[in-house]
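any chance you could fold what I've pasted below:
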Amino acid sequence: MKLSEFKNSLTSLEKISFRTPTGGFIPSHFHITEIGSVVKNFIDCGGTIRKESFVGFQLWKTDDDPDHRLSPEKLLTIIKLSEEKLNILDEEIEVEYQSETIGKYGVEFNGFEFVLTNKNTACLAEDNCGIPVIKKKVSLVDLQNNSCCDPKTGCC
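Modelled structure (predicted):
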């Protein structure tokens, strides 16, 4: 979800809630401890130099402040200030939230609440990293049965 989509979604809400990828909810007394522009410069295992950028949100909960509630209007104000002071662009959002370690998530909106989505690691240079490509094994008998044309038609 891009920052502009997140802001548009906030305007339709009376309260903010985040659902975790497992279906639970982040407690309603969460804080957003940071909003920032994150730029990552790196080299992949194939030697290609890459650059990624995104908007980072960090969600935090503490049991020391159970009455805290962040309103959609207040969050919009914080986002607008971040855009002005940090020149944040309209990029995808990555959310950090504490699980066993700091988890990194994508975010979507289902019309009622924000839903954190799992992110996965992947090889960015599959053609260059040395992992052999596994070819799909096909039985010749099955291939003939699943042919897209009949040999009698002259198309093959």
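
stretch 63-74: end-to-end distance?
End-to-end distance of stretch 63-74: 21 Å, with Cα to Cα, to the nearest Å as the criterion.

contacts for it next, please.
Taking contacts as Cβ atoms under 8 Å, 6 or more residues apart in numbering, the residues outside stretch 63-74 that touch it are 10, 11, 13, 14, 15, 16, 28, 29, 30, 31, 32. All C-beta spots, glycine's among them, are computed from the backbone N, C-alpha and C.

low-confidence ranges in the chain?
The chain contains residues with pLDDT under 70 at 133, 141-156.

hey, which helix is longest across this protein?
Longest helix in the chain by number of residues (criterion: DSSP state H): helix 72-86.

how about that helix, which residues are buried there?
72, 75, 79, 82, 83 (16 or more other Cβ atoms under 10 Å).

how about a markdown table for those residues, with distance to residue 63 added?
As requested, the buried residues of helix 72-86 are exported to a markdown table (distance: Cβ to Cβ, whole Å):
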| residue | distance to residue 63 |
| --- | --- |
| 72 | 24 |
| 75 | 21 |
| 79 | 26 |
| 82 | 27 |
| 83 | 32 |
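
tell me which residue is most central in this structure.
Nearest to the mean C-alpha position of the chain, by Cα atoms, centre = their mean, lies residue 106 at 2.1 Å.

could I get the phi/psi values of residue 9?
phi -70, psi -40 (degrees, to the nearest 10).

ok, it - contacts?
Residue 9 neighbours (Cβ under 8 Å, 6+ apart): 1, 109, 114.

how about 6 Å then?
residue 109 (Cβ atoms under 6 Å, 6 or more residues apart in numbering).

mind checking how far it is from residue 75?
Look at residue 9 and residue 75: by Cβ to Cβ, to the nearest Å, they are 11 Å apart.

show me what stretch 87-103 is in contact with.
Here stretch 87-103 has contacts from 1-4, 6, 37, 53-59, 82, 104-105, 107, 116, using Cβ under 6 Å, 6+ apart.

let's see that with 8 Å instead.
Where contact means Cβ under 8 Å, 6+ apart, the residues beyond stretch 87-103 that reach it are 1-4, 6, 18, 20, 26, 35-38, 53-61, 82, 104-107, 116, 119.

give me the buried subset of these.
The neighbour count (16+ other Cβ under 10 Å) marks 1, 3, 6, 18, 20, 26, 35, 37, 54-59, 61, 82, 105-107, 116 as buried among these.
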